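**Q** Have a look at this fold, sequence not included:
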C-alpha cells in the first residue's frame, strides 16, 4: 500500500518536473520575429524594396538651385507666404535649410545612407555575381552617385581641374555606420566618388527596367554624361551621352501633342530615362511660380514648346510653366533623351564636330517646331553653333533642376557669363559670376555638430 | 521534517544561550490575526530539558492561559481551523501568540495580491496600496481604472493629449511606455481594460516599489496594478448581489474657454480685406473657402450687392456666435447606465461565482456604447490536496460613434470655422458650413454635374456609421496540488482571445464620400464627367484578433516552526501574444446590397478641386499586420520572518523575449529586489503603549522597462504599394544598434507603518528614491549621417542614452475621529510628493529652441524635471510699438529670429514642473444609522501651466480664435502698463508669435483644490429589506467633478483644463443589495 502511494507520488512529481523542463522547448520561439511588417532585411527583395522607396530616391532632390536660378520669378505677395528657405534662397540670402531638417543637404545624405545600407546588405547576403543582386548593387551605386552630384552642384565650387584637389568638397559617407565622423573632403574626391560609383553602376545595371523610378544602364550612362559636362570634360561627356542614346534615342514629336487643357506630357513618357524630381514646394511650381519674361519671349511663334510649356496665369499677366515631364505641376529633374541630345550637341560643338552637333540640335528642333515652318539650322562657325545649342538648352531644359549647375559652369567662360538680378520687396539683388553665393551654406546644425568648414 | 527543524533550532538555541533551567508560571494570550482573543486553544508544553514533563492548558473566553513551563521548553498550540504553532519559551514574561486560520479569510486580514501570491499586508516588506470592494464601489464609472481616481496615489493625467494616462510615483521613463502594468488576477491583461466590469472586482492592489514589482520584471518599472476578481467562498450559502445605477453628465460648457469675439473677428476681417490679405485666397487655385463676411466685402467691392444691405448683413454676422449652436444642438447630456448581478457560494467540495454585467452609455456627442460581461469562476476540491480552478470571462461590447468633437470642424487647409458660423437655424435644422471650398465653386461644380458639395456638419454624422464591436474571451485554469511538507505546486494557464471589428461606413450622402468622389471626378474635353471613384459610400473596415497564451508553473513552500516562518516560491512563465490585424477600404459601397465597386489604384488622376495640375492616385488603404511576442521568464521569491518582528524578503526574475534582433546575451536580464521589516512594537523594550503598532520597512531592487519598437540590427518596415513605381517599398526603421538594452530602474523604499491611540489613527509614511538608467531616448544626429527617424521625421537615433532620478514621499493616514458613537466620522488623507529630474542626456545642442517646453511634452534637459516648463525670459512690451521683447546675450532684444535661433539653453527661464509635485486627497466620511456621506477633496500643488497666447499668424492663417487676448492687445503707447498682449502687426511674424507664446509671462501657477466628489448612501436597516426578501439594501447618490474650491491662478481657467473643456459635472443614482 505504501509502495503504491510512493509510486503515485513519484509519478506526480515526475509530471511536475516535465512542466518545469518545458522552457527548453520554448527557447526556439525567442527567435521568431515579432512583427511581420518589420524585417531585418536580408533578401534581395528586401533591399529592392528599400531602393523602391521613391520618397527617398525619386521625389526629394535639391530645390535651392531652382529657387536661385533665373528660369522665373515669384511675386512679392506670394513670396511673403513662402517658407523661409524658398524666400531666402530666392534672393541668395544665407539663412536657408535651417528651419526644416529635411533639406537640400540632409535629403541626399538620407539617400546615401539608404544606398549604403543596401550596399552593405548586398555584401553580407548577396554573395557575388547573381544578376538580381548585381542589379541591386548597381542601383545603390547609381543613387549614391546621383546624390553626390546633386550635393556637389549646391555645396561645392564648380569643378576646376586646377583647384579641385584643394577646394572643399563633400562629406563622403562610406558606410551606414552612424558613429562614423563626418569630414569634408575635396571637390576632386567628390567627383572621383561619383565617377567610381557610376562606373560600377554601368557595369552592374541591366538595360531594361520595370519602372522608370529605377535606374538602368542608360540612366548610368546619362548620369555620366551629365557629370562630365558639369566637370567640363566634353569628350567623355559626349561619349557617355552617345552610349546612353544608343540604348534610348526616342524623341517625342511635339506636333502630335495636344495643347488642350490638362498636362501635355505624361509621367514616364518615352523621353524619360530615369524619373526624379526636386522636393516639392508650391512656391516654385505653377501657378505660384512665374516664367521669366525674357525667356518666354525667346520662343518664336513656330516653337511648339510655347503653347505646350506655358499657359497664361489666371491671377496676373504672366506665364505659368505647365510642361513638366512629371505630368503634373510638380517639377521633373530626372534624366531624359532631350537632355542627352543637348549634351552631345554641346560637347560635339566644343570639340569641333560641328556637323555632329548640328545633327543633334536639328533633330531635337525638328521634334519641337511646327512641321510646316521648320527648317534646319546650318553654320560653319563654331561659336554660332555653340550659342544656338546653349539657347536651345535654355529653352528645352527650363525648370529641370539643371540651370543652377549650368550657370556655375558657364560663368567660368567669359563668353557665357551672366549676372542674375532679382527685385523682391522693392530691393534689388544681384548675383555676379563666381559669386561665393553660388555655394549654398551647409545647415548650421551640421556645422555645429560636425565642425566641418562652412561655405563662405 | 518539522522535527528536524525543531531539533536544529533547538540545538542552535542551546549553543547560543546560557543554559539554565527554570520552571515557573507562564501567563499568555492567544489571538487571531485580527487581534481578537481565541478561546479553546489547547496549549501543551513539551519540555526540552525535562522531556517527560507535560503540562496542558486551554485558553478561556478572554483567550488567556496560564501554565507551567521551563526555559527552552516548547509550547505547542492547537485549535481546529487554525494552523498549529510551536513557540520556544525564553523567559516567563507575558506571551502573546497569534494563530492563523488555515484558510485565510479576506475580510479578516488585509491581504494583497502580487499576481503570484496573496500575502497578508502586515507581512509584506514592500510598498503596496490596497483598495477593497467598498472603496472601489465608492464611485460610479464604466471602467475599472477610473475607480482608482482620488482614492489612491495613482495620478491621473489631465494635460491635453495625455488624458487617461496613469502614473504611479511619477514618471520613470522618458520615451518608452509609461503606463503601469495591469494584471488581472494572475496574468498581465492584454485586452482593452474597459472590458473589465468594476462590479466583478474584489480588490485592487497597487505595487509601487521594487519588492513586488521586480517579480513582474521588465514591464514593471512603472508600477503594477493587480486587479483581483471576486470569487466564491467555501461553505457559504448562495448569496445574490445586485447593483444598478444611472449616471448623468451635464452638457459640456462650451463657453468656458475664452475666445475672440465675433465682432472683433469681423472687424479684423474688414481691416485685412482692405489690406488685400484675402486677394491670394480669392484667386486661389484650390478654391479656398472665404468667410461669408469676406464674400460680402467682395460683393460690395464688385458692386454686386447693395452696400447698405451688405453692411446690414455684416452687422448681423458680427452678432452671431457658433457656440450658441454648439451648446444647443451639438451636445447632449450624457447618460450611463450600469447593471450588475452576481451569484456566489460554495460547499466543502467547490466554490462558485457567476456574474452578469450590462452597461449602456450615451455620450454627450450622441455616441453609443454597450457592454455585456458574463463571468463564471469555479473551484473544485478533491480531498485536501488537489484544487482545480476554472474561470471564464466573456465580454462583448459595441460602440457606435456619434458626432465628432467640434474641434474636428476644420478645412482641408487647416482653417477653423469663422467664429460667427451657424450650424443650425433657429429651429435646429442643420445648415451647410462649407469650410473647404468657395460657394461659387460648389455651385459651378454642381451645374457641371458634380455631386452636391455642401457640408452640413450638424447632421452629417447620421450619414456615417462608425462602429466597433469587441468580443473578448478569457479562460483561466489553475491546478493546485498540496504536496505536503509545506510544498504546494500550481500550474496556471490562461487563454485570451479577443476580436475587434471596426466598420466605418461613410454613406453615399456623407460629406466625406461626396467630397472624395468629386475630387477624383474627371472632366473630358466635351464636358462629360467620369468618376474613377464611383458615386456611393466608402467603407473602411478593420478587424484585429488577439490570441494570448500564458502558462505558469510555480512551486510554493511555506513553513513555520518556532518563531520562524519561511515562504518561498519559484517558477517559470511562458507567454505568447499574437495579434493579427487587417484593414481595408471599399469605394462605391452600396450599403443596401453590401457591394462595392472596383477602382483603379495605379492611375494618377488630376484632382478636380484644384485649377492646376495636382494629381493623386486613389488612396489605397488595405493593410495587414502581425505582431507576435514571446516572453519566457524565471522568477523566485522568498520571505523569512523571525518572531513576527523581523522579516527579510527577496525576489529575482529573469526575462527573455524575442525582442527584435537583440543579441542573444542581451535578450535576458536578471532583475531583483531585497526587503527588510522590523516591527519595533513587538520588541520587548517597546513601551509606547499609545502607539501599539510601529513597523519599519525597507526595500531595494531593480525593475525594467522595454521598448518593443527598437531593434539591435537594421530593420526595415514595408509600406503599401508605391503609387509612383507600382512596387512595394520599405523604409529603414532602425539603424543598427548593437548595444540596445532594457531600461532599468532601481528603487529604494523606506517606510514606517503605525497605528496610534488605540484604533483612532493608523497610517504609513513612505520615502522612495528611483534611479533609472539606460533609458531610451533620442540622440540627435548630424543630418549628414542620413539617419532619418521615420516616426519623428528627425535626424536622430533612439537608443539607451539617458538617465534620470526621482524621489518622493507618501503619507497615508486614516483616522476614526468619532468611532465609538452612533455618529461615526472617518478621515482619510493621502499626500504625495513626487519629483524627478534628468541626470544625463546625450546633448548635442545647447540651443534654447531645442528645450523650450510647455510641460506637456518630454523635454529632457539635464537637471530639470521630465515635464519642465522652460520659457524665454520676458522683457515686457516695447512702449513705442507694443512688440514683445526678450533678452539676447543679456540685452533687451526684438530680433525674434535671433531670440529663437541663438538663445542658449542656460538663458531659458525654468518656471517649474508641468505636472503636480504635491498631490493627494482628503476624504471625510460621516455615517449615522445607515446614512453615510463621503466627500472627497483633491488637491494638487507645485506645478504650472502655460496659458494659451494669441498667435496672430494662426489667427490669420487658421482663423484660430482660441484666446480672448485680441481685445486686450497693445494698441497705443501707455497700453504696456495695462496689458502684456503684444500689438497686432501685419504682415504677421510667426517667429514673433512663437517667441512670446513661449515666454515666461504666459506661465501660470496651477495649484488648486477641488471638490472631486460626494457620495451619499443609505443602508436600509430594520424590517424593510427583509420584507422584500433582501439581506441588505443600499441606495446611493454620487456626484463628481463638482468644481474648484481654490486655485492659484487669477485667470478664469481651470488649471487642469487650460486648453480644453472642463469635465462636466455628473450625478448618479444607484441601488445595491444582497439576497
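**A** Perfect, I can see it now. Model, not experiment: these values are computed from the prediction. Numbers count the residues shown, from 1 in each chain, chains lettered A, B, ... in the order given.
**Q** what ranges of chain B fall below the confidence cut-off?
**A** Residue ranges of chain B with pLDDT under 70: B:1-23, B:34, B:47-54, B:81, B:102-110, B:212-213, B:659-669, B:819-820, B:843-845, B:1022.
**Q** try chain A
**A** For chain A, the ranges with pLDDT under 70 are A:1-29.
**Q** tell me, what residue is most central in it?
**A** residue A:61 (5.1 Å; Cα atoms, centre = their mean).
**Q** contacting residues for it?
**A** A:107, A:108, A:150, A:276, A:277, A:278, A:279, A:333, A:401 (Cβ atoms under 8 Å, 6 or more residues apart in numbering or on different chains). No exception for glycine: its C-beta is placed from N, CA and C like everyone else's.
**Q** can you check residue A:148 too?
**A** A:108, A:112, A:170, A:172, A:190, A:193, A:194, A:197.
**Q** what number of residues lie near the last one?
**A** This means residue A:197. 25 (other Cβ atoms under 10 Å in any protein chain shown).
**Q** before we move on, what about the second one?
**A** Residue A:112 is surrounded by 28 other residues when neighbours are defined as other Cβ under 10 Å.
**Q** ok but it is inside a strand, no?
**A** No. Under DSSP: H, G, I helix; E, B strand; the rest coil, residue A:112 falls outside any strand and is assigned helix.
**Q** any idea how far it is from residue A:230?
**A** According to Cβ to Cβ, to the nearest Å, residue A:112 and residue A:230 sit 18 Å apart.
**Q** Likewise for the fourth one?
**A** Distance, residue A:172 to residue A:230, using Cβ to Cβ: 18 Å.
**Q** try the first one
**A** To residue A:230, residue A:108 is 15 Å away according to Cβ to Cβ.
**Q** number of nearby residues for the residue of the stretch 951-1075 of chain B found nearest chain A?
**A** The minimum distance from the stretch 951-1075 of chain B to chain A, using Cβ to the nearest Cβ, falls at residue B:987 (5.8 Å). If you count neighbours by other Cβ under 10 Å, residue B:987 ends up with 13.
**Q** What segments of the stretch 401-550 of chain B are strands?
**A** Ranges of strands in the stretch 401-550 of chain B, per DSSP state E, counting those that start in this stretch, are B:464-484, B:487-506, B:522-523, B:529-530, B:537-561.
**Q** helices and strands around the third one, which ones?
**A** When contacts are defined as 3 or more Cβ pairs under 8 Å, 6 or more residues apart in numbering or on different chains; DSSP states H and E, strand B:522-523 packs onto strand B:529-530.
**Q** How about the residue in chain A that chain B sits nearest to, nearest residue that isn't a chain neighbour?
**A** Residue of chain A nearest chain B, by Cβ to the nearest Cβ: residue A:113 (2.8 Å). Closest residue to residue A:113 apart from its sequence neighbours, by Cβ to Cβ, 6 or more residues apart in numbering or on different chains: residue B:786 at 2.8 Å.
**Q** how near is the one you found to residue A:243?
**A** 30 Å.
**Q** Could you do residue B:915 as well?
**A** With Cβ to Cβ as the criterion, residue B:915 and residue A:243 are 66 Å apart.
**Q** who's more crowded, those two?
**A** The neighbour comparison of residue B:915 against residue A:243 (other Cβ under 10 Å) goes to residue B:915, with 28 against 18.
**Q** Residue B:256 contacts residue B:1062, doesn't it?
**A** Yes. Counting by Cβ atoms under 8 Å, residue B:1062 is a contact partner of residue B:256 at 5.4 Å.
**Q** which residues do those two both contact?
**A** residue B:1054.
**Q** List the contacts of the closest residue in space to residue B:145 that isn't next to it in sequence.
**A** Counting by Cβ to Cβ, 6+ apart, the nearest residue to residue B:145 once its immediate chain neighbours are dropped is residue B:193, at 5.9 Å. Residue B:193 makes contacts with B:143, B:144, B:145, B:182, as judged by Cβ under 8 Å, 6+ apart.
**Q** next one: phi and psi at residue B:193?
**A** When read as degrees, to the nearest 10, the backbone of residue B:193 gives phi -60, psi -20.
**Q** how close does it sit to residue B:225?
**A** 9 Å.
**Q** Give me the common contacts of those two.
**A** Shared contacts of residue B:193 and residue B:225, counting by Cβ under 8 Å, 6+ apart, come down to B:145, B:182.
**Q** Would you map the helices across the stretch 601-750 of chain B?
**A** According to DSSP state H, counting those that start in this stretch, the stretch 601-750 of chain B carries its helices in the segments B:664-667.
**Q** in stretch B:967-983, what's buried?
**A** Within stretch B:967-983, the residues scored as buried using 16 or more other Cβ atoms under 10 Å in any protein chain shown are B:969, B:970, B:975, B:976, B:979, B:980, B:981, B:982, B:983.
**Q** For residue A:132, state which of those is nearest.
**A** Residue A:132 has its nearest neighbour among the buried residues of stretch B:967-983 in residue B:982, at 62.3 Å by Cβ to Cβ.
**Q** right, and the secondary structure at the closest one would be what?
**A** Residue B:982 falls in the coil class when you classify it by three-state DSSP.
**Q** In this structure it contacts residue B:996, no?
**A** Yes. Residue B:982 lies in contact with residue B:996 (Cβ under 8 Å); the separation is 5.8 Å.
**Q** Residues that sit against both of the two, list them.
**A** By Cβ under 8 Å, 6+ apart, residue B:982 and residue B:996 have these common neighbours: residue B:884.
**Q** where along chain A do the strands fall?
**A** A:38-39, A:72-73, A:168-171, A:184-186, A:272-274, A:290-291, A:310-312, A:319-321, A:335-336, A:420-424, A:427-431 (DSSP state E).
**Q** Just say which of these is most tucked in.
**A** strand A:335-336 (a mean of 26; mean count of other Cβ atoms under 10 Å in any protein chain shown).
**Q** how many neighbours does the residue of chain B found nearest chain A have?
**A** Proximity to chain A, evaluated over chain B using Cβ to the nearest Cβ, is greatest for residue B:786 at 2.8 Å. Using other Cβ under 10 Å, residue B:786 has 27 other residues around it.
**Q** what does residue B:24 give?
**A** 10.
**Q** Also residue B:880?
**A** By the criterion of other Cβ under 10 Å, residue B:880 has 9 neighbours.
**Q** List the residues that contact it.
**A** residue B:973.
**Q** element containing it?
**A** Under DSSP states H and E, no helix or strand contains residue B:880.
**Q** In CSV, list the strands of the stretch 401-550 of chain B along with mean neighbour count.
**A** Shown next, in CSV, are those (neighbours: other Cβ atoms under 10 Å in any protein chain shown):
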stretch, mean neighbour count
strand B:464-484, 17
strand B:487-506, 18
strand B:522-523, 16
strand B:529-530, 12
strand B:537-561, 19
